[in-house]
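In: Predicted coordinates and the sequence they were generated for:
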Amino acid sequence: MRVISLTGGKGGVGKTTLAVNLATAYAKEKKKVLLFDADLSLASVDLMLGLHPKKNINDYVGGLCDLNDICVTGPYGMRIIPAASGVQHLAELSLSQSAHIIRGFSDLTEDVDVMIVDMAPGISNQVINFTHAAQDVLLVICNDPASLMDSYAVIKILKQKYNRNRFGIVVNKVKNYQESYSVFSKFQTAISQFIDVNLQLLGHVPQDDYIAISSREGHSIIQQFPLATASLAITELAHNISHWQADAPVVGGIHFFFERFLSGLNGNKEQLCRV
């Protein structure tokens, strides 16, 4: 199983749109996909896909149901763990609540080939720890100074806190490959002056009006307009990620992902065992 977190620090860079469509692209290829909306208190994945889940992560954290009960089915059979909307306490989970989520994910019965985690914006401890827990970290950047500065901050924190040194980069909302490469090159040059990390340009997504049209209709662009320019770019991005060499294989699947998340919250294994 491959666990991919999509982050970028700044909101508005198109991260959720990319997460939804990347998951759809993998599902269309017959892969078993789990899409986790990790912006736990401000749901957006289900809204983007026109879904209306009866239950969400807040019901599970509150002990009202099993995690399987809140899973909803999206395009091409992919499974989605929906977040809540306007539930503030989910923005800062306690250790026991995080452990409760671990148990639920490890009990999911279906096999998963690819798990995509759509991170919340910002650089809170919860966001950083969720991001680090993934096998692959994908940073979504735009040709915008605020986006580049926020992505720099994410890299800096992950490097300092966890010695994380491998990041995939996607340049979103650009005109063409030339612009994306120019943005990436400037970003890479700036990063290399202060932080020793490996950045890999995995793809770009061009500006495409069909993205907004499909979203308003409650569909992913991959599903609604498969031959659109952005759809083809995201499909190529999925291919590039699949062939991006991982540092090391993830063992233990989803359970490993959340165990790693909890170890980031608290390195005391004895305390984790008591939760």
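Out: Nice, thanks for sending it over. Numbering: from 1, shown residues only.
In: can we go C-alpha only for contacts and neighbour counts from here?
Out: Will do.
In: Just the pLDDT at Ala133, thanks.
Out: We have a pLDDT of 81 for Ala133.
In: cool, Ile128 as well?
Out: 85.
In: And the helices in the stretch 151-275 of the chain, which stretches?
Out: 177-192, 209-216, 221-224, 229-242, 253-265, 269-274 (DSSP state H, counting those that start in this stretch).
In: Can you flag the weakest of those helices by average pLDDT?
Out: helix 269-274 (a mean of 45).
In: Run a quick neighbour tally on Gln160.
Out: Using other CA atoms under 10 Å, Gln160 has 11 other residues around it.
In: can you pull the contacts of the closest residue to His204 other than its chain neighbours?
Out: Excluding the flanking residues, the one nearest His204 by CA to CA, 6 or more residues apart in numbering is Val171, at 4.6 Å. Going by CA atoms under 8 Å, 6 or more residues apart in numbering, Val171 touches Val140, Ile141, Cys142, Asn143, Ser180, Val183, Phe184, Gly203, His204, Val205.
In: cutoff 7 Å now
Out: Counting by CA atoms under 7 Å, 6 or more residues apart in numbering, Val171 makes contact with Val140, Ile141, Cys142, Ser180, Gly203, His204, Val205.
In: Against Gly14, how distant is the fifth one?
Out: To tie it back to what came earlier, the one meant is Gly203. Remark: distance between Gly203 and Gly14 (CA to CA, to the nearest Å) = 14 Å.
In: just to revisit the earlier point, just the pLDDT at the residue nearest to His204, thanks.
Out: For Val171, the predicted pLDDT is 97.
In: which other residues reach the helix or strand containing Tyr26?
Out: Using DSSP states H and E, Tyr26 maps to helix 15-28. For helix 15-28, contacts defined as CA under 7 Å, 6+ apart pick out 6-7, 33, 35, 45, 75-78, 116, 118, 140, 220-222, 234-235, 238.
In: same thing but 6 Å
Out: With contacts defined as CA atoms under 6 Å, 6 or more residues apart in numbering, helix 15-28 is touched by Val33, Tyr76, Met78, Asp118, Ser220, Thr235.
In: Select from those every entry located in strands.
Out: Of the contacts of helix 15-28, the ones assigned to strands by DSSP state E are Val33, Asp118.
In: Could you report the neighbour count for Pro145?
Out: So Pro145, with other CA under 10 Å, has 11 neighbours.
In: what do you get for Gly86?
Out: By other CA under 10 Å, the burial measure for Gly86, its neighbour count, is 12.
In: which residues does it contact?
Out: Ser41, Leu42.
In: Quick check: bridge partners of the residue nearest to His204?
Out: Listed by DSSP bridges, the beta-bridge partners for Val171 are Ile141, His204.
In: what's the spacing between it and Ser180?
Out: Val171 is 6 Å from Ser180, by CA to CA.
In: Same question for Val13.
Out: From Val13 to Ser180 the distance is 14 Å (CA to CA).
In: Leu93 - that's part of a strand, no?
Out: No - going by DSSP: H, G, I helix; E, B strand; the rest coil, the assignment for Leu93 is coil, not a strand.
In: Just give the closest residue to Arg216, not the sequence neighbours.
Out: Met48 (7.6 Å).
In: and the one you found, how many neighbours does it have?
Out: 19.
In: still on that earlier bit, can you pick the most crowded of the contacts of helix 15-28?
Out: Neighbour max across the contacts of helix 15-28 (other CA under 10 Å) = Ser220, 30 neighbours.
In: before we move on, the earlier item: and the helix holding Tyr26, how far from the chain's centre?
Out: On the basis of CA atoms, centre = their mean, to the nearest Å, helix 15-28 sits 10 Å off its chain's mean C-alpha point.
In: I'd like to check the angle between it and helix 209-216, please.
Out: Helix 15-28 and helix 209-216 are oriented at 90 degrees to each other (axes from the mean of the first three to the mean of the last three CA atoms, to 10 degrees).
In: Restrict helix 15-28 to CA atoms and write it as PDB.
Out: The C-alpha coordinates for helix 15-28 follow below in PDB (Å, rounded to 0.1, in the frame of the first residue of the first chain):
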ATOM      1  CA  LYS A  15      -4.900  20.800  -2.900                       C
ATOM      2  CA  THR A  16      -8.300  19.200  -2.300                       C
ATOM      3  CA  THR A  17      -9.300  19.400  -6.000                       C
ATOM      4  CA  LEU A  18      -6.000  17.600  -6.800                       C
ATOM      5  CA  ALA A  19      -6.500  15.000  -4.000                       C
ATOM      6  CA  VAL A  20     -10.000  14.200  -5.300                       C
ATOM      7  CA  ASN A  21      -9.000  13.900  -8.900                       C
ATOM      8  CA  LEU A  22      -5.800  12.000  -8.100                       C
ATOM      9  CA  ALA A  23      -7.800   9.500  -6.100                       C
ATOM     10  CA  THR A  24     -10.300   9.200  -9.000                       C
ATOM     11  CA  ALA A  25      -7.500   8.600 -11.500                       C
ATOM     12  CA  TYR A  26      -6.100   5.700  -9.500                       C
ATOM     13  CA  ALA A  27      -9.600   4.300  -9.000                       C
ATOM     14  CA  LYS A  28     -10.200   4.500 -12.700                       C
END
